[in-house]
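**Q** what follows is a protein structure lacking sequence information:
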């Protein structure tokens, strides 16, 4: 019973901290269209004494000054501390996010304009909670096309012997 109460309070505290990370991760200077807050969220179980990981990754297309646009994926994480967890141990052998900027001509399909892969492995292993934004290079905004951001996360959990997990994120809504 005591362990469940500790876990419940730890989950509540981690959720509050996680929401704070999400709220400060948005850029105040640029107009952007992003995927919904819950569409790219998950709780990942971890082996042994490593706590569960709360992961959230909004995907955006961002309009920049000078008529440019770029794709943006922000990975937010928080490890649930139940008082008995190992918050200092290695969590992932690999954790990478690939962000894509895509354009779509009227009546056409999405075409990748730029793609960038960011390696978060060292950062996420060194911090019990945090945020990391992976940006594509900017492209000239062609107003005759619609634009979107898309992203994929591929991670491998240390010690689970299951190999890489691919998480295809929900892309941003289209921006005209």
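**A** Received it, and whenever you're ready, just let me know what you need. Only a predicted model underlies this, so the values are computations on that prediction, with no experimental measurement involved.

**Q** residues contacting residue 86?
**A** Counting by C-beta atoms under 8 Å, 6 or more residues apart in numbering, residue 86 touches 48-51. Glycine gets a C-beta too; all of them are placed from N, C-alpha and C.

**Q** which of the residues you listed tops the neighbour count?
**A** Sorting the contacts of residue 86 by how many neighbours each has (other C-beta atoms under 10 Å) puts residue 51 first, at 24 neighbours.

**Q** tell me where the chain has strands.
**A** Using DSSP state E, the strands of the chain run over 31-34, 41-44, 53-56, 59-64, 68-79, 92-104, 111-119, 129-135, 139-140, 146-157, 164-168.

**Q** please produce JSON lines containing the ones you listed, extended by mean neighbour count.
**A** What follows is the strands of the chain, written out as JSON lines (neighbours: other C-beta atoms under 10 Å):
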{"stretch": "strand 31-34", "mean neighbour count": "17"}
{"stretch": "strand 41-44", "mean neighbour count": "14"}
{"stretch": "strand 53-56", "mean neighbour count": "21"}
{"stretch": "strand 59-64", "mean neighbour count": "23"}
{"stretch": "strand 68-79", "mean neighbour count": "25"}
{"stretch": "strand 92-104", "mean neighbour count": "21"}
{"stretch": "strand 111-119", "mean neighbour count": "15"}
{"stretch": "strand 129-135", "mean neighbour count": "19"}
{"stretch": "strand 139-140", "mean neighbour count": "13"}
{"stretch": "strand 146-157", "mean neighbour count": "22"}
{"stretch": "strand 164-168", "mean neighbour count": "12"}
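
**Q** dump the ones you listed to JSON lines, plus distance to residue 176 and mean pLDDT.
**A** Output for the strands of the chain, formatted as JSON lines (distance: least, C-beta to C-beta, whole Å; pLDDT from 0 to 100):
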{"stretch": "strand 31-34", "distance to residue 176": "10", "mean pLDDT": "92"}
{"stretch": "strand 41-44", "distance to residue 176": "27", "mean pLDDT": "95"}
{"stretch": "strand 53-56", "distance to residue 176": "27", "mean pLDDT": "95"}
{"stretch": "strand 59-64", "distance to residue 176": "10", "mean pLDDT": "96"}
{"stretch": "strand 68-79", "distance to residue 176": "11", "mean pLDDT": "96"}
{"stretch": "strand 92-104", "distance to residue 176": "10", "mean pLDDT": "97"}
{"stretch": "strand 111-119", "distance to residue 176": "15", "mean pLDDT": "98"}
{"stretch": "strand 129-135", "distance to residue 176": "21", "mean pLDDT": "97"}
{"stretch": "strand 139-140", "distance to residue 176": "15", "mean pLDDT": "97"}
{"stretch": "strand 146-157", "distance to residue 176": "5", "mean pLDDT": "97"}
{"stretch": "strand 164-168", "distance to residue 176": "24", "mean pLDDT": "97"}
